[in-house]
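Trainee: Any chance you could fold what I've pasted below:
(chains A and B)
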Amino acid sequence: MTEELPALPDDVLLRVEHLTMRFGGLTAVNDVSFDVRRGEITALIGPNGAGKTTVFNCITGFYKPTAGRLPLKSHEGVLLLERLRDHQISRKANVARTFQNIRLFGGMTALENLLVAQHEPLMKASGLTVLGVLGIGGFNRAERQAIEKAKVWLERIGLIDRADDPAADLPYGDQRRLEIARAMCTNPVLLCLDEPAAGLNPRESLELNALLRSIRDDDGAAVLLIEHDMSVVMEISDHVVVLDYGKKISDGSPKAVRDDPKVIAAYLGVEDEEVADVEREVEGAEAAR
Amino acid sequence: MPQTPAADAQASTEASFPAAVRDAAVAALIALGLSAPMMGLVPVQSPQGLVLEQRWAPVAIAVAVVFAGRLLLNLTLWRPGRVKRVGYVPPKLEAKLAGLARFLGPLAIAGAVAMPLLPFTERYAIDLGILVLTYVMLGWGLNIVVGLAGLLDLGYVAFYAVGAYSYALLAQYFGLSFWICLPLAGILAAFWGVILGFPVLRLRGDYLAIVTLAFGEIIRIVLLNWYWVTGGPNGISGIPRPSFFGIDFDRGPDGFAATFGLDYSPLHRILFLYYLILALALLTNFVTIRLRRLPIGRAWEALREDEIACRSLGINTVTTKLTAFAIGASFAGFAGSFFATRQGFISPESFVFMESAMILAIVVLGGMGSQFGVAIAAVVMIGGFELFREFSDYRMITFGLVMVLVMIWRPRGLVSSRSPSVFLKEKKAISGSLVQEGHG
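Mentor: Numbering: from 1, shown residues only, chains lettered A, B, ... in the order given. Have a look, this model is predicted:
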């Protein structure tokens, strides 16, 4: 490839540039651009059908975008995500994801789930299976290391005692955390979470906030999350991007976004003409405060 | 007025008597509908040509038996309020069965090794053992594709045929020995596994089953019609028998018996064949057990559980599926070349769909993914099938009945629990109800 790759500023990890995704006549995502910065938790919010999950699926390689570029700084340098095949997104670009409806390997134990996530290094250590079958090479050592890593994550999500239980037997909240741990076992630079707090009770929600903060601060991975639970979004995110009808309507700090009249209008379902009224009201309220 | 439980039950029985009669009548009507054309009308050859003869007595008996039987069951066993416990196995029993399998596995291997040497073993038993072990090996090979990777393959016999014809043709045209052809047959079968794998990568479940079924038929029809190479329906005869690593089993001065200073006996070859297939089957088992603990095996099982999650974790589903097809096929190739050398004659007759169905039935009845269950199922199905040879009229009906019963009582096969490939503190068997069956 002789084409020049875009130079990203130092603190930007992923730049979504003019991303557009059309399904036939339906434009699910329309010319959306935003940055995901290192060491930050970025939240992608918006009413139902705003195109959040479509943006996610483009970033994680499940869809090929109709237009736009997705340059990302991985361990190996700048890569264009839209050119990679789905399994290469995790392998080369170090982007990991979770799913809106949990997709764990239910019939496998929690420990096995975390080992499947370390498929690539283990596969290399087993000499692409050939040496592993014969029992030579460094596979046993590599597997011990992989189990150690899995143990560390099981400790962090508080599931070490249930390591040998099938994933499908775990309570819902534990499954959510296990799915995040599984994604983290792939050593990502960017972790994409699709509604991680959905269906969690308030206590589990607090645990999740702590886990995500520790992923940001201790593992140095940027987090991009879709979330409907505003308490989670406002509490932990450093940067919020708001989509509505496939377009970006706001982008900034949680506070700035919360006070953005366009966001309020989108969430309350106000007509376009009335946006100005809402704007005045918000300003009035702030002046009163 | 308080009622005793017995009186209560009596009351409910009496209340349900009309319902029981109605149910029995419906069953009798169905029986009438089925038996009238099948038993009541019989085409008979007569001087005037084919004539339909009416026989209503057996129909009446069948309907009466169904009515009375159903009524009796309704009034006794199937009383309302009974608890249905179909296919439910308590977790403890499940764990016990898994433990039993661990204990019985080595015992079964020891038994298989010792069996031909026992004084009362006849030649027939060794022959039957060879047949059963061939199917055990095929079952274990298919278990990789269906049980671990969750890819439903209805054309597995095609790879068995590729293996058999590889050896037969290579021996006939190039004079290669069995020991050179055995690995070649495996490689060729694996190659065809990949060839089949490519077009079906995007297919799942029923669609995958149909295409693999068609692939099995294509291979058979090619073998049948490519007669200047394969001999068509006449097959290939005079396939060289296996040698003891170069020493033939014959009466001559260089034969096996003379070399080792033994008296010549035709049993030597049979014994050799028996131990050969036992070694091949155990190799299949060993490799499968090893593979399950390697990342590739875990990726197969993960693929069976959830393909999309696999892709998000950086697992290349294309190569993962192709390796499952290739490795499963290569074991069928080994078994095929063994089959060719044992029979000395092969024809497309031996590789019909029924064989694929039989191997798949062994895997499903044994319990998908369970090595021990598959071995037991092969022994019961193939061994049982042979023992019923004298009652050949009732063979199929017994066979069908056993399958229906197993599917009612153990819908996930004899050994349905999955044993984890790795554990931290203790190895717990995973109940089969949590494990996905795979949809391609």
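Trainee: who's in contact with residue 256?
Mentor: I went with chain A, as the question did not name one. residue A:250 (CB atoms under 8 Å, 6 or more residues apart in numbering or on different chains). No exception for glycine: its C-beta is placed from N, CA and C like everyone else's.
Trainee: Switch to chain B, please.
Mentor: B:244, B:247-250, B:262, B:268-269, B:272.
Trainee: Give me the neighbour count for residue B:42.
Mentor: 12 (other CB atoms under 10 Å in any protein chain shown).
Trainee: re the thing from before, name the member of the contacts of residue B:256 with the most neighbours.
Mentor: Most surrounded of those: other CB under 10 Å gives residue B:249, at 21 neighbours.
Trainee: Assign it to helix, strand or coil.
Mentor: With DSSP: H, G, I helix; E, B strand; the rest coil as the basis, residue B:249 sits in coil.
Trainee: for the helix or strand containing residue B:299, the distance to its chain's centre please.
Mentor: Using DSSP states H and E, residue B:299 sits in helix B:295-305. Chain-centre distance of helix B:295-305: 22 Å, with CA atoms, centre = their mean, to the nearest Å.
Trainee: hang on, the earlier thing: tell me the one among the contacts of residue B:256 nearest to residue A:108.
Mentor: Closest approach to residue A:108 among the contacts of residue B:256 (CB to CB): residue B:272, at 41.6 Å.
Trainee: Quick check: phi and psi on residue A:96?
Mentor: Dihedral pair for residue A:96: phi -120, psi 160, per degrees, to the nearest 10.
Trainee: any idea how far residue B:154 is from it?
Mentor: 37 Å (CB to CB, to the nearest Å).
Trainee: now the nearest residue to residue B:140 once chain neighbours are set aside, what's its secondary structure?
Mentor: Computed as CB to CB, 6 or more residues apart in numbering or on different chains, the closest residue to residue B:140 that is not its neighbour in sequence is residue B:284, at 4.6 Å. For residue B:284, the assignment made with three-state DSSP gives helix.
Trainee: how about the most centrally placed residue in chain A, phi and psi?
Mentor: With distances taken as CA atoms, centre = their mean, residue A:192 lies nearest the centre of chain A, 0.8 Å away. When read as degrees, to the nearest 10, the backbone of residue A:192 gives phi -100, psi 120.
Trainee: Show me what it bridges to in the sheet.
Mentor: Beta-bridge partners recorded for residue A:192 (DSSP bridges): residue A:97, residue A:224.
Trainee: Looking at residue A:96 and residue B:154, which is more packed in?
Mentor: residue A:96 (26 against 22).
Trainee: Now for that one: which residues touch it?
Mentor: A:90, A:183-184, A:186, A:188, A:190-192, B:312-313.
Trainee: I'd guessed residue A:198 sits against residue A:100; true?
Mentor: Yes. At 7.0 Å, residue A:198 counts as touching residue A:100 under the criterion of CB atoms under 8 Å.
Trainee: where does the chain dip in pLDDT?
Mentor: Picking chain A for this. A:1-6, A:127-130, A:132, A:135, A:137, A:269-289 (pLDDT under 70).
Trainee: I was after chain B.
Mentor: B:1-15, B:78-99, B:101, B:258, B:437-440.
Trainee: In the stretch 101-250 of chain B, which residue sits nearest chain A?
Mentor: In the stretch 101-250 of chain B, the residue that lies nearest chain A is residue B:150 (10.3 Å; CB to the nearest CB).
Trainee: one step back: ok, and what's touching the helix holding residue B:299?
Mentor: Everything outside helix B:295-305 that qualifies as a contact, by CB under 8 Å, 6+ apart, is A:105-108, A:112, A:115-116, A:118-119, A:122-123, A:126, A:129, A:132, B:144, B:148-150, B:291-292, B:309-310, B:313, B:315, B:317, B:320-321, B:323-324, B:369, B:421, B:435-438.
Trainee: next SSE after it?
Mentor: Assigned by DSSP H and E, the successor of helix B:295-305 is helix B:307-312.
Trainee: list the helices and strands that following helix packs on?
Mentor: Here helix B:307-312 touches helix A:86-91, helix B:295-305, helix B:317-343, going by 3 or more CB pairs under 8 Å, 6 or more residues apart in numbering or on different chains; DSSP states H and E.
Trainee: can I get those in JSON lines with mean neighbour count and distance to residue A:37?
Mentor: Formatted as JSON lines, those follow (neighbours: other CB atoms under 10 Å in any protein chain shown; distance: least, CB to CB, whole Å):
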{"stretch": "helix A:86-91", "mean neighbour count": "22", "distance to residue A:37": "20"}
{"stretch": "helix B:295-305", "mean neighbour count": "26", "distance to residue A:37": "33"}
{"stretch": "helix B:317-343", "mean neighbour count": "25", "distance to residue A:37": "32"}
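Trainee: So residue A:242, which state does it fall into?
Mentor: Applying three-state DSSP: residue A:242 is strand.
Trainee: ok, and the closest non-adjacent residue to residue B:58?
Mentor: residue B:39 (4.9 Å).
Trainee: Could you measure from that neighbour over to residue B:159?
Mentor: 42 Å.
Trainee: who has more neighbours, these two?
Mentor: The neighbour count for residue B:39 versus residue B:159, taken as other CB under 10 Å, is higher for residue B:159 (39 against 16).
Trainee: how about the more buried one, what does it touch?
Mentor: Here residue B:159 is in contact with B:189, B:192-193, B:328-330, B:332-333, B:336 (criterion: CB under 8 Å, 6+ apart).
Trainee: could you redo the last one with a cut-off of 6 Å?
Mentor: For residue B:159, the contacting residues are B:189, B:329, B:332-333, by CB atoms under 6 Å, 6 or more residues apart in numbering or on different chains.
Trainee: Tell me the one among those nearest to residue A:173.
Mentor: Nearest member of those to residue A:173, counting by CB to CB, is residue B:329, at 43.3 Å.
Trainee: so what's that closest one up against?
Mentor: By CB under 6 Å, 6+ apart, the neighbours of residue B:329 are B:159, B:189-190, B:193.
Trainee: In which helix or strand does residue B:44 reside?
Mentor: strand B:41-46.
Trainee: returning to what we had before: dump the contacts of residue B:256 into TSV; add distance to residue B:125 as well.
Mentor: Formatted as TSV, the contacts of residue B:256 follow (distance: CB to CB, whole Å):
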residue	distance to residue B:125
B:244	22
B:247	26
B:248	25
B:249	20
B:250	24
B:262	21
B:268	16
B:269	16
B:272	16
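Trainee: Excluding chain neighbours, give the residue nearest to the residue of the stretch 201-350 of chain B found nearest chain A in space.
Mentor: Residue of the stretch 201-350 of chain B nearest chain A, by CB to the nearest CB: residue B:314 (3.3 Å). Excluding its sequence neighbours, the residue lying closest to residue B:314 (CB to CB, 6+ apart) is residue A:90, at 3.3 Å.
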